[in-house]
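A.B. asks: The sequence and its predicted three-dimensional model are supplied below.
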Amino acid sequence: QVQLVESGGGLVQPGGSLRLSCAASGFSFSTIPMSWYRQAPGKERELVASISNAGRTTNYANSVKGRFSISRDNAKNTVYLQLNSLKTEDTAVYYCNARLLRTGTLRDYWGQGTQVTVSS
């Protein structure tokens with residue numbers, strides 16, 4: 001059974017930092033690229049960052065480039081998102097994502113999300 005469990009969210013002041021974690025189980029983690037998405041109130045879910053299975057390639061949304069950093073530890077089946085220089089517009093629920101091939105179909109798996117609130 002695929003499980004993705006996010007943690008690390010919270011309330012932080014503008015300019016602050018947080019580190020999100022996503023613990024994965026139920027699939028071969030080291031063979032799968034991973035991503036972080038976020039969804040702000042009233043907005044669609046958007047891709048924030050992604051990382052290749054070995055961690056050598058990363059991609060970021062323009063809005064977070066230079067401020068956020070995605071990484072992974074395949075020995076711990078965990079993917080991280082370091083959030084620096086946070087802005088009020090970064091306030092959202094952050095979700096971990098794995099896209100897996102199941103019965104011949106690509107399927108998206110999501111965690112429960114972790115709330116990040118940036119406010120003074």
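C.D. replies: Nice, thanks for sending it over. These numbers were taken from a predicted model, which means no experiment stands behind them.
A.B. asks: Tell me which helix or strand comes right after the longest strand along the chain.
C.D. replies: Longest strand of the chain, by residue count under DSSP state E: strand 92-102. Remark: after strand 92-102, the chain's next helix or strand is strand 105-110, criterion DSSP states H and E.
A.B. asks: How far off centre is that following strand?
C.D. replies: 15 Å (CA atoms, centre = their mean, to the nearest Å).
A.B. asks: Setting aside sequence neighbours, what's the nearest residue to residue 68?
C.D. replies: In space, residue 68 comes closest to residue 83 once its chain neighbours are excluded; the distance is 5.4 Å by CB to CB, 6 or more residues apart in numbering. Just so you know, the C-beta spots here come from the backbone N, C-alpha and C atoms, and that holds for glycine as well.
A.B. asks: With residue 64 instead?
C.D. replies: In space, residue 64 is closest to residue 48, 5.8 Å off (CB to CB, 6+ apart).
A.B. asks: Might one say that the one you found is in contact with residue 95?
C.D. replies: No - counting by CB atoms under 8 Å, residue 48 does not reach residue 95; the two are 9.1 Å apart.
A.B. asks: Common neighbours of these two, please.
C.D. replies: Residues touching both residue 48 and residue 95 by CB atoms under 8 Å, 6 or more residues apart in numbering: 36-38.
A.B. asks: Residues contacting stretch 40-50, please?
C.D. replies: Against stretch 40-50 from outside (CB under 8 Å, 6+ apart): 33-39, 58-61, 64, 68-70, 81, 89, 91-95.
A.B. asks: Please name the residues that touch residue 98.
C.D. replies: Contact analysis of residue 98 by CB under 8 Å, 6+ apart lists 2, 4, 24, 27, 32, 34-35, 108-109.
A.B. asks: That'll do, ta.
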